[in-house]
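*Asks:* the following block contains a protein sequence and its predicted model.
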Amino acid sequence: MASQHTEIERKFDVEETFALPDLSGVPGVASVGAAVVHELAASYYDTSDLRLARAKITLRRRTGGTDAGWHVKLPASAGARLELQSPLGRAVKAPPRAVLAPVVGIVRRAIPEQVATLHTRRTVVTLLAEDGRVLAEVADDHVTGTALPAHAGEAAVVTTWREIEIELVDGGEELLGAVGAELELCGAHASDSPSKLTRVLAERLAPPPAPPTEQPDTDLDEDGAEPPASEDEAEDLPTPAEEEPLPEGKKARAAEIARREAAVQAAEKAAAKAAKEHAKRVAAEAKAAKKAAKARAAAAAEQARLAAIPKAGDVVVDALAAQLTALQRADVMVRTGTADGVHQVRVACRRLRSILAAYRPVLDRERTDPVRAELQWLGQELSGTRDAEVSLEHLRALVAAQPPELVLGPVAARLQQAELQGETGGADRALQVLGTARYLTLLDALFDLVQQPPVTERAAEQAADLVAEVLRRTVQRLRHHVEDAEVAGRGDAPLGSPSEHQDESTGIVETPYELALHEVRKAGKRVRYTAEVAAPVLGGPAMGVVDAMKQLQDVLGDRQDTVVTREQCRQLGIAAFGAGENAWTYGRLHALEEARAQRAERDFWALWPSLAPVLNAVTAEEQGRPR
């Protein structure tokens, strides 16, 4: 069984010449312990495409120091990581199954192998309080990291550096800031690398290079036009022929001189005319070139503007990728026994299903509908666990608030026992579901959708137009469900419809009106999730819808919770009666939950008209967006 602890630390890059300052003067630090040197050797494991590192998870086998063993480090919260430690054992080439268990949802069916090694000479000093408690450890690390070849024929890449780590032990986070400030005064810099491994694998983790952009024509002048031809580039004029000797005789000589002078004048006149025509032609060519350059620049600017406008396919696929990341994060929570993990898995499933359903104009439903069905299966498999957990927690709080004389029999004890049994059974059930081949196949299918999205022709449309259209449609769908609930509330159910419905999985019986309100709640969720995808593009109006749907979900969520709590009261009352206990209090709890449901229904009908302006803002055909 792996041990767990939360690691809160800060890293600083330092030069080789850095000298660790005396930290005994830091507020709260009474003294500094003697330096201890450790030689650490670690092998890091990941899939060939670095799935763990990309999820900000590290898996290593380390020897040396005080915590030799297998370590899995998981993101926990800002500045903190959850570290799981297991004994070294005999495995060296590959991580043991028990070590891999928490990250199966990340690696899926891929087999992790060694991707890097680190050798660290670590010098550790402890920061002590007045009573001798260790407040923090400061580690001065000289590191040699080796990124192993990703493919045959490649060379290993070796990186060396020095860094300082401050890790809290029994001190507060303000101590991290104070020690960090002292280090920075001495020349340290906060590290940009979240872990040693990301520094070593930086080249493999880097995004692919952007495609080369078209280089501008370097022969254009500052106005974007081609420079005019120089005088040297003027058209070649005929070279004057070598003059012949003047003829003999005075008259003949005078006539020849006159003829030659006339020829020179004519030639000069022709040359001037040619030069003028050439200058006009050069000016016209320069003007045309400048006009063409401006046209090219305008076309390039328009092309860049259009390229910068988000496309519908990109927005939807990005939203899918974000929810797939959320699903994997929740998967890790479930596998490590973190509270609320099952709920977060279900939320991610609902969001993914909603995106795939609402944005069918962008994604081919032949590929997405089977994935939606599998997401529905996963949510249903985990629904009983979460619903029972919430309902029993609520009933325990409700019993605690009752006057003692109205709690007859061991009601609190029975609820506590049911909750404990539900937690144990629910956790086991959730792990069982997440351990199935069917679930791993679902994860593979989701990654295929993100990495090779089955986009339609409309994916190339501007995102603003398409997401607005989809959001309008989901809002209209919600309104239709509200109208159905109004009809059912008046008792005007369609002829031939059943008077009540029983859920096969839970045994809960609901009237047409209750079912209609449940459909309103589900439609509200879809509107919310659709608006969340649209919000980065549409801005304020979409965020207004998100906030409005949160209000709707809060009210109708309370009502839906009572459907489960009332059934719990009924079953617990039957069990108590069968055990010879007084079951009266369970009937009272049932009545209180009925009253809560009625209040929630009244609250919904009071809330609904106030949501109209927000919904109208996105259902209008034109929303004044710039084109």
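*Replies:* Received it, and whenever you're ready, just let me know what you need.
*Asks:* is Lys93 in a helix, a strand, or coil?
*Replies:* Using DSSP: H, G, I helix; E, B strand; the rest coil, the structure places Lys93 in coil.
*Asks:* the chain should start at 553 in everything you say after this.
*Replies:* Renumbered: residue one is now 553, and that last one reads Lys645.
*Asks:* which phi and psi does it have?
*Replies:* phi -70, psi -30 (degrees, to the nearest 10).
*Asks:* and if you look at Leu1030?
*Replies:* Per degrees, to the nearest 10, the backbone of Leu1030 is at phi -60, psi -40.
*Asks:* I figured it hits Ala1075, correct?
*Replies:* Yes: shown here, Leu1030 and Ala1075 form a contact pair, counting by CB atoms under 8 Å, at 4.2 Å. Every C-beta, even on glycine, is put in place using the N, C-alpha and C of the backbone.
*Asks:* mind saving the C-alpha coords of stretch 1010-1024 as CSV?
*Replies:* C-alpha atoms of stretch 1010-1024 as CSV (Å, rounded to 0.1, in the frame of the first residue of the first chain):
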residue,chain,number,x,y,z
ARG,A,1010,-19.2,23.6,-41.1
ALA,A,1011,-16.2,23.3,-38.8
ALA,A,1012,-14.4,25.9,-41.1
GLU,A,1013,-17.1,28.5,-40.4
GLN,A,1014,-16.5,31.4,-38.1
ALA,A,1015,-17.0,30.2,-34.5
ALA,A,1016,-19.0,33.2,-33.4
ASP,A,1017,-21.8,32.5,-35.9
LEU,A,1018,-22.0,28.8,-35.4
VAL,A,1019,-21.8,28.7,-31.6
ALA,A,1020,-24.5,31.5,-31.4
GLU,A,1021,-26.7,29.4,-33.7
VAL,A,1022,-26.2,26.3,-31.5
LEU,A,1023,-26.8,28.2,-28.3
ARG,A,1024,-30.0,29.6,-29.7
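*Asks:* what are the buried residues along it?
*Replies:* Residues of stretch 1010-1024 classed as buried: 1010-1011, 1013-1016, 1018-1020, 1022-1024 (neighbour count, 16 or more other CB atoms under 10 Å).
*Asks:* report the two of these separated the most.
*Replies:* Ala1011 and Arg1024 (18.7 Å; CB to CB).
*Asks:* circling back to that earlier point, between the buried residues of stretch 1010-1024, which is nearest Asp866?
*Replies:* Of the buried residues of stretch 1010-1024, the one sitting nearest to Asp866 (CB to CB) turns out to be Ala1015, at 7.1 Å.
*Asks:* just the strands from the stretch 803-952 of the chain, written as ranges.
*Replies:* Counting by DSSP state E, counting those that start in this stretch, no segments of the stretch 803-952 of the chain form strands.
*Asks:* and if you look at the stretch 603-752 of the chain?
*Replies:* Going by DSSP E, counting those that start in this stretch, the stretch 603-752 of the chain shows strands at 610-615, 621-629, 632-638, 665-680, 686-699, 709-720, 741-742.
*Asks:* most tightly surrounded among the ones you listed?
*Replies:* Greatest average neighbour count among the strands of the stretch 603-752 of the chain goes to strand 610-615 (a mean of 21), per mean count of other CB atoms under 10 Å.
*Asks:* in its sheet, what does it sit against?
*Replies:* Take DSSP bridges as the rule and strand 610-615 pairs in its sheet with strand 588-598 (antiparallel), strand 621-629 (antiparallel).
*Asks:* for the shortest one, the averaged confidence score.
*Replies:* Averaging the model's pLDDT scores along strand 621-629 yields 89.
*Asks:* check the offset of that strand from the chain's centre.
*Replies:* 20 Å (CA atoms, centre = their mean, to the nearest Å).
*Asks:* one more: stretch 650-661?
*Replies:* Relative to its parent chain, stretch 650-661 has a centroid offset of 20 Å by CA atoms, centre = their mean.
*Asks:* buried ones in that stretch?
*Replies:* For stretch 650-661, a neighbour-count test (16+ other CB under 10 Å) marks 651-660 as buried.
*Asks:* hmm, who's touching stretch 1145-1162?
*Replies:* For stretch 1145-1162, contacts defined as CB atoms under 8 Å, 6 or more residues apart in numbering pick out 1034, 1069, 1072, 1103-1104, 1107-1108, 1110-1111, 1114-1115, 1117-1118, 1121.
*Asks:* now stretch 1130-1141
*Replies:* 947, 950-951, 954, 958-963, 966, 1117, 1121-1122, 1124-1126, 1128-1129.
*Asks:* what's the answer for stretch 912-924, then?
*Replies:* 864-865, 868, 904-905, 908-909, 994, 997-998, 1001, 1005-1008, 1010-1011, 1018, 1021-1022.
*Asks:* any idea how the chain splits into domains?
*Replies:* Following automatic domain parsing, one finds the domains of the chain at 555-757, 864-1171.
*Asks:* starting at the chain centroid, how far to the shortest one?
*Replies:* Spelled out, it's domain 555-757. Centroid displacement of domain 555-757 relative to its chain, using CA atoms, centre = their mean, is 24 Å.
*Asks:* and the gap between the closest residue to Val644 other than its chain neighbours and His946?
*Replies:* Among residues not flanking Val644 along the chain, Arg613 sits closest, at 7.0 Å (CB to CB, 6 or more residues apart in numbering). According to CB to CB, to the nearest Å, Arg613 stands 45 Å off from His946.
*Asks:* go on, Asp565?
*Replies:* Distance, Asp565 to His946, using CB to CB: 50 Å.
*Asks:* more neighbours: these two, which one.
*Replies:* Using other CB atoms under 10 Å as the criterion, Asp565 and His946 rank with His946 on top: 20 against 17.
*Asks:* surely the more buried one meets Thr1117?
*Replies:* Yes: shown here, His946 and Thr1117 form a contact pair, counting by CB under 8 Å, at 6.0 Å.
*Asks:* low-confidence stretches in the stretch 653-802 of the chain?
*Replies:* For the stretch 653-802 of the chain, the stretches flagged by pLDDT under 70 are 762-795.
*Asks:* in the protein, which helix or strand is least confident?
*Replies:* strand 1053-1054 (a mean of 54; mean pLDDT, DSSP states H and E).
*Asks:* now stretch 1002-1010: mean pLDDT?
*Replies:* 94.
*Asks:* what's in contact with that stretch?
*Replies:* Under CB under 8 Å, 6+ apart, the answer for stretch 1002-1010 is 864-865, 868-869, 872-873, 876, 913-916, 918-920, 1011, 1018.
*Asks:* centre of the chain to it, how far?
*Replies:* On the basis of CA atoms, centre = their mean, stretch 1002-1010 sits 18 Å off its chain's mean C-alpha point.
*Asks:* where exactly do the helices run in the stretch 1003-1152 of the chain?
*Replies:* 1015-1041, 1064-1090, 1092-1130, 1136-1171 (DSSP state H, counting those that start in this stretch).
*Asks:* those: which one's closest to Gln666?
*Replies:* Of the helices of the stretch 1003-1152 of the chain, nearest to Gln666 by CB to CB is helix 1064-1090, at 39.4 Å.
*Asks:* coming back round to it: and of the strands of the stretch 603-752 of the chain, who's closest to Leu1144?
*Replies:* In terms of CB to CB, the element of the strands of the stretch 603-752 of the chain nearest to Leu1144 is strand 621-629, at 36.8 Å.
*Asks:* residues touching the closest one, excluding its own?
*Replies:* 554, 558-559, 607-614, 633-641, 647-648, 651, 654-655, 747, 881, 884, 888.
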